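Q: Mind folding the following:
(one chain, ligands or ions: 1)
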Amino acid sequence: MNIAFIAHDRKKDEMVNFVTAYEPVFEGHTLYSTGTTGTRIMEQTSLSINRFMSGPLGGDQQIGALVATNEMDLIIFLRDPLMAQPHEPDIIALLRLCDVQGIPVATNVATAELLVKALQRGDFAWRELVHKYKPE
Ligand SMILES: O=C(CO)COP(=O)(O)O
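A: Numbering: from 1, shown residues only. The predicted structure is shown next:
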């Protein structure tokens, strides 16, 4: 599966702890992230992550491009609900595209945990069909 990690600054510790806890689950997947989030995760785990630009510089939009083409299977986006972001329009656009394509997206760690357990159980197998029968 193609999985993306994104965390706002005050959520980065939570993200690193979360990914560390489920590192064995994430190991078998293709991982993506915005710039700083990915750096932090790679510093503290042995996971290899394809990093895009930092969020405020367009990283959310780069991940959004993969959502638009239905290539992203799961997004864990730990947003900071208590701090305004300069790139709020990019964030809204990414979440909108997840709804357009029906992509599972967790915006807090409680939901992220449920989705990762579903991933472990094989509940994301339907996404293989999406990839297999993707129109050209
Ligand atoms: O701002 C972000 C998401 O909107 C995250 O970007 P960074 O991972 O580069 O901090």
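Q: which non-adjacent residue is nearest G35?
A: Closest residue to G35 apart from its sequence neighbours, by C-beta to C-beta, 6 or more residues apart in numbering: S54 at 3.8 Å. Glycine gets a C-beta too; all of them are placed from N, C-alpha and C.
Q: how many neighbours does the one you found have?
A: Neighbour count for S54, taken as other C-beta atoms under 10 Å: 16.
Q: What of Y22?
A: Applying other C-beta under 10 Å, we find 17 residues neighbouring Y22.
Q: Check the one 5 residues further on too.
A: When counting by other C-beta under 10 Å, one arrives at 12 neighbours for E27.
Q: Could you list which residues are in contact with the residue in the chain that the ligand sits nearest to?
A: Taking C-beta to the nearest ligand atom, the ligand has its nearest neighbour within the chain at G55, 2.1 Å off. G55 makes contact with I6, H8, T34, G35, T36, T37, Q85, H87, D90, I91, according to C-beta atoms under 8 Å, 6 or more residues apart in numbering.
Q: can you list the residues of this structure near the ligand?
A: Counting by C-beta under 6 Å from any ligand atom, the residues of the chain close to the ligand are 6, 8, 34-37, 54-56, 59-60, 85, 91.
Q: quick one, what contacts M42?
A: M42 makes contact with S48, I49, according to C-beta under 8 Å, 6+ apart.
Q: which non-adjacent residue is nearest L31?
A: Counting by C-beta to C-beta, 6+ apart, the residue nearest L31 is I49, at 4.5 Å.
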